[in-house]
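Enquirer: mind folding the following:
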Amino acid sequence: MAILWASTSYHLGDHPGIFQDACYVGHVLRLPFRKAWIDPEASGVVLRVHTRDVETWADRLGHKVSINQREVGRLKDASDALGGTEVFAFSVTRPELDDALAGDDHFTLSIELDLGTTGPRLSDDFVVTRIESDGTFAAALGWT
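Expert: Here you go, the predicted model:
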């Protein structure tokens with residue numbers, strides 16, 4: 001059972017307006033969350049990021065996903081096919097998660113655009129449409 005954290009379309013990249021149905025955020029998406037619950041029996045959690053049009057070809061490492069600036073994974077197009085929706089799943093061990101949260105109920109989830117060696121104006125433009133966990137970690141958007 002998935003636990004929804006956010007379901008809004010965010011456009012990352014350097015071509016504002018190419019995704020008319022998404023809020024343009026530039027090169028970095030930073031979302032504030034409040035930890036609501038973590039399964040005390042869980043040895044780790046799985047974070048899922050749903051996207052559209054991720055294209056990371058050649059030397060690209062992928063777009064970095066972090067919790068409080070601690071990398072938990074990368075959005076990297078495995079198929080090298082144009083367009084389409086994808087779901088990226090990142091397994092985070094309980095010690096890694098506890099370290100990232102540092103005992104605080106408030107945290108920031110970030111997705112940073114991988115500019116690769118191409119530089120500005122040639123970066124990947126894509127949309128994040130949904131963020132969720134595997135059912136072992138509940139979080140609410142916002143810090144209040």
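
Enquirer: from what I can see R48 touches A89, true?
Expert: Yes: taking contacts as C-beta atoms under 8 Å, R48 lies within contact range of A89: 5.1 Å. From N, CA and C alone the C-beta is placed, and that goes for glycine too.

Enquirer: go through the helix or strand hosting L4 and flag the buried ones.
Expert: In the assignment (DSSP states H and E), L4 maps to strand 3-6. Neighbour counts over strand 3-6 (16 or more other C-beta atoms under 10 Å) mark I3, W5, A6 as buried.

Enquirer: report the strands that pair with whichever helix or strand comes after it, each with its relative direction.
Expert: Sequence-wise, the next helix or strand downstream of strand 3-6 (DSSP H and E) is strand 10-12. Sheet pairing of strand 10-12 (DSSP bridges) gives strand 23-26 (parallel), strand 126-133 (antiparallel).

Enquirer: quick one: mean pLDDT for strand 10-12?
Expert: Averaged across strand 10-12, pLDDT comes to 96.
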